[in-house]
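Visitor: can't give you the sequence, but here's the structure:
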């Protein structure tokens, strides 16, 4: 049978570790900045905000940050949600209780496919640099074969701890980690870092688990509810990839964001300012789309079609300052786009600069019930945010 692996998010892995008796800090998983603030209040104020994506390197990418109080937790979550980490969009964050760390260790079990057995991997040098340690000083990372028939006994756990230069008191955690692996038909169980706290506790700060999906038939707890929740996030990632591929093919400067107000502007600076103003109105931008300083009506039509195809978008804001791109050309592009695209979402347009009056007149003659015009950027952003809500 072909091996099929199913990676878990960190919060799912931590749940398995917790149920298996491995100590983990208290934590909650949320999908909004406001919920992060409330979680921080319940957890005592000081927390760690951790992006939930199925990839490594979150810390180096800025996806793991400390927050000193609930207000900082809300702000930090707002910055991390929607972040792209190695092609994965952050849709949820974990709000975790901080731990005072004395030492960082590494511990894991993985399937040795060639030998048909499991390996225990242990090192006294855990943390974000474990890959570099393994590459440049392999002697610092111990690999111990596990006989599946024997498993991890007390003696074997002590052997693993000694080989990896881990404190002897980690032996109990090593045995519990092995139980998690065998109980849940996992191909990989990894804790990095496994820490010794200042009061001597052995705590798993981060966990990674890969399950053998071929074992689903004997795992009734895999009822699919969690899979469906994660699948929705994966679907959003596929949507983002599809939209960004379309934009690249059309030569558009587009980035998918995690919001509901589609944003189109001419010039990166103007688009960035528009994103900030939209956020200041209490809404979240759905994208960054720069049609460029010399965009044609065809480019405007392509960009509008792209943004309207984003299922997350509830309203669209077009903010153009006419220079090389004349406002009447932008308005003509909008009209042309609506000849081929059925407008089902409100469109707010702010035109200023070169030929702005002519552009506004073109849109006025269109007389479309879902097309709204605004004289200022602030007014346009407020209207778009209101319509998205």
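Guide: The structure has been received and is ready for your questions. Quantities reported herein were computed from a predicted structural model and do not represent experimental measurements.
Visitor: my guess is residue 59 contacts residue 130. True?
Guide: No. The pair residue 59 / residue 130 is not scored as a contact, 11.7 Å apart, by C-beta atoms under 8 Å. For the C-beta atoms, the positions are set from N, CA and C on the backbone; glycine is no exception.
Visitor: more neighbours: which of those two?
Guide: Legend: neighbour count by other C-beta atoms under 10 Å for residue 59 and residue 130, higher for residue 130 (22 against 14).
Visitor: with adjacent residues omitted, what lies nearest to that one?
Guide: Closest residue to residue 130 apart from its sequence neighbours, by C-beta to C-beta, 6 or more residues apart in numbering: residue 106 at 5.2 Å.
Visitor: okay, and the one you found sits in which element?
Guide: strand 101-112 (DSSP states H and E).
Visitor: give me the helices and strands touching that strand, please.
Guide: If contacts are counted by 3 or more C-beta pairs under 8 Å, 6 or more residues apart in numbering; DSSP states H and E, strand 101-112 sits against strand 117-123, helix 171-183, strand 186-197.
Visitor: deepest-packed of the ones you listed, please.
Guide: Ranked by mean neighbour count under mean count of other C-beta atoms under 10 Å, the helices and strands packed on strand 101-112 are led by strand 186-197, which reaches a mean of 23.
Visitor: model confidence over the strand holding residue 106, on average?
Guide: Average pLDDT, strand 101-112: 94.
Visitor: and it, how far out from the chain's middle?
Guide: Here strand 101-112 is found 24 Å from its chain centre; the criterion is C-alpha atoms, centre = their mean, to the nearest Å.
Visitor: what does it contact?
Guide: Contacts of strand 101-112 with the rest of the structure, by C-beta atoms under 8 Å, 6 or more residues apart in numbering, involve 117-127, 130, 141, 145-146, 164, 166-167, 170, 173-174, 177-178, 181, 186-198, 200, 205, 208.
Visitor: now do that strand against strand 186-197, angle only.
Guide: Using axes from the mean of the first three to the mean of the last three C-alpha atoms, to 10 degrees, the direction of strand 101-112 lies 170 degrees away from that of strand 186-197.
Visitor: for strand 101-112, which strands pair with it and how are they oriented?
Guide: Looking at strand 101-112 with DSSP bridges, its partner strands are strand 117-123 (antiparallel), strand 186-197 (antiparallel).
Visitor: okay, the angle between the longest one and helix 171-183?
Guide: It refers to strand 186-197. Angle between the axes of strand 186-197 and helix 171-183 is 160 degrees (criterion: the same axes, to 10 degrees).
Visitor: average pLDDT for the helix or strand following strand 186-197?
Guide: Toward the C-terminus, strand 186-197 is succeeded by strand 202-204 as the next helix or strand (DSSP H and E). Averaged across strand 202-204, pLDDT comes to 97.
Visitor: repeat for stretch 184-191
Guide: Here the average pLDDT along stretch 184-191 is 93.
Visitor: list the contacts of it.
Guide: Residues contacting stretch 184-191 (C-beta under 8 Å, 6+ apart): 3, 5, 13, 16-17, 22, 106-111, 177, 180-181, 204-212, 215, 218-219.
Visitor: now stretch 131-146
Guide: 106, 109, 112, 115, 117-125, 130, 152, 156, 159-160, 163-165, 178.
Visitor: what about residue 349, which SS state?
Guide: Secondary structure, DSSP: H, G, I helix; E, B strand; the rest coil: residue 349 is strand.
Visitor: what sits against the residue nearest to it when sequence neighbours are not counted?
Guide: Nearest in space to residue 349, with sequence neighbours left out and distances taken as C-beta to C-beta, 6+ apart, is residue 318 at 4.6 Å. Neighbour list for residue 318: 264-265, 304, 330, 334, 347-350 [criterion: C-beta under 8 Å, 6+ apart].
Visitor: is the residue lying closest to residue 169 once chain neighbours are set aside bridged to anything, and to what?
Guide: Closest residue to residue 169 apart from its sequence neighbours, by C-beta to C-beta, 6+ apart: residue 202 at 6.4 Å. Judged by DSSP bridges, the bridge partners of residue 202 are residue 196.
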